[in-house]
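Peer 1: quick check, what structure comes out for this input:
(one chain, ligands or ions: 1)
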Amino acid sequence: MNSLGSVFAFISKDAVNKIQILENFLTGENGTHYLTVQSMVKYELDNELVDLTKRGSHPESGCRTLLRLHRALRWLQLFLESLRTSTEDSKTSVMCSDAYNASLAQHHPWLIRKATGMAFCALPGRDTFFEVLNAGSHQEVVTLLGEALPLISEVYQITEDLYAKNNLLELP
Ligand SMILES: CCCCCCCC/C=C\CCCCCCCC(=O)N[C@@H](COP(=O)(O)O)[C@H](O)/C=C/CCCCCCCCCCCCC
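Peer 2: This next block holds a predicted model:
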């Protein structure tokens, strides 16, 4: 994302911050509980380490932090699928914003939605995206995406099912 320009810095900064929160749990004194998503959910729920209805004493639990990244993964899945099936005249800004509106947008306040919409207008064209992926010719990238997307879907679905089972999909 950094190679796409500074206008995307506020997005990548948020993603990096959230990954850092999870890495800190993993390397912390209770790190063994953070080796899998399943063990993290069990540990945090059993020990009342998650703010379930409103933000309180655990504003940055592993569960709520992963939930934000999980929702972003859905955006990525939709966007990459669009990119994979796109044609020469497809617009990345439209693909990106359609994917955003079908996923993350419903969880973001007005200001973030506006800022994100403006960032999408600054997106480079489809060819640049294929180059950014740095995986060979267009056809090779399309093949690679065809292999990667089922794995992204699987990861997404495992987390979605686990969070649904534990009523964690709307954590504040
Ligand atoms: C072919 C090139 C592919 C490029 C691949 C890029 C890979 C990047 C993958 C994901 C990046 C997006 C990560 C965004 C995480 C957002 C998490 C979130 O929703 N955070 C909000 C809520 O957090 P809390 O306040 O509750 O802690 C936070 O408010 C958001 C802040 C920033 C806005 C995030 C907008 C995300 C838009 C979707 C990404 C567009 C990327 C466009 C570049 C291709």
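
Peer 1: can you give me the helices for the chain?
Peer 2: Per DSSP state H, the chain carries helices over the ranges 9-27, 37-46, 62-84, 92-101, 110-121, 126-132, 138-165.

Peer 1: roughly how far out does the first one sit from the chain middle?
Peer 2: Meaning helix 9-27. 11 Å (Cα atoms, centre = their mean, to the nearest Å).

Peer 1: other SSEs contacting it?
Peer 2: Contacts defined by 3 or more Cβ pairs under 8 Å, 6 or more residues apart in numbering; DSSP states H and E place helix 9-27 against helix 62-84, helix 110-121. Every C-beta, even on glycine, is put in place using the N, C-alpha and C of the backbone.

Peer 1: next up, the contacts around residue 124.
Peer 2: Contact partners of residue 124, counting by Cβ atoms under 8 Å, 6 or more residues apart in numbering, are 4-5, 92.

Peer 1: ugh, typo on my part, it should be residue 53
Peer 2: The contact partners of residue 53, taken as Cβ under 8 Å, 6+ apart, are residue 172.

Peer 1: ok, now how distant is it from the ligand?
Peer 2: To the ligand, residue 53 is 15 Å away according to Cβ to the nearest ligand atom, to the nearest Å.

Peer 1: what comes up buried for the lowest-mean-pLDDT helix or strand in the chain?
Peer 2: Here the helix or strand of the chain ranked lowest by mean pLDDT, DSSP states H and E is helix 126-132, holding a mean of 86. Residues of helix 126-132 classed as buried under the neighbour-count rule (16 or more other Cβ atoms under 10 Å) are 126, 129-130.

Peer 1: what do you get for stretch 44-55?
Peer 2: Those buried within stretch 44-55 under the rule 16+ other Cβ under 10 Å are 44-45, 49-52.

Peer 1: how long is it from one end to the other?
Peer 2: End-to-end distance for stretch 44-55, by Cα to Cα, to the nearest Å: 15 Å.

Peer 1: next: stretch 112-128.
Peer 2: With Cα to Cα, one end of stretch 112-128 sits 25 Å from the other.

Peer 1: still on that earlier bit, now render the helices of the chain as TSV, adding distance to the ligand.
Peer 2: As requested, those are exported to TSV (distance: least, Cβ to the nearest ligand atom, whole Å):
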stretch	distance to the ligand
helix 9-27	4
helix 37-46	16
helix 62-84	4
helix 92-101	5
helix 110-121	5
helix 126-132	4
helix 138-165	8
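
Peer 1: for those, give me a markdown table that also has distance to residue 171.
Peer 2: Listed next are these as a markdown table, based on distance: least, Cβ to Cβ, whole Å:
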| stretch | distance to residue 171 |
| --- | --- |
| helix 9-27 | 13 |
| helix 37-46 | 10 |
| helix 62-84 | 4 |
| helix 92-101 | 20 |
| helix 110-121 | 17 |
| helix 126-132 | 32 |
| helix 138-165 | 8 |
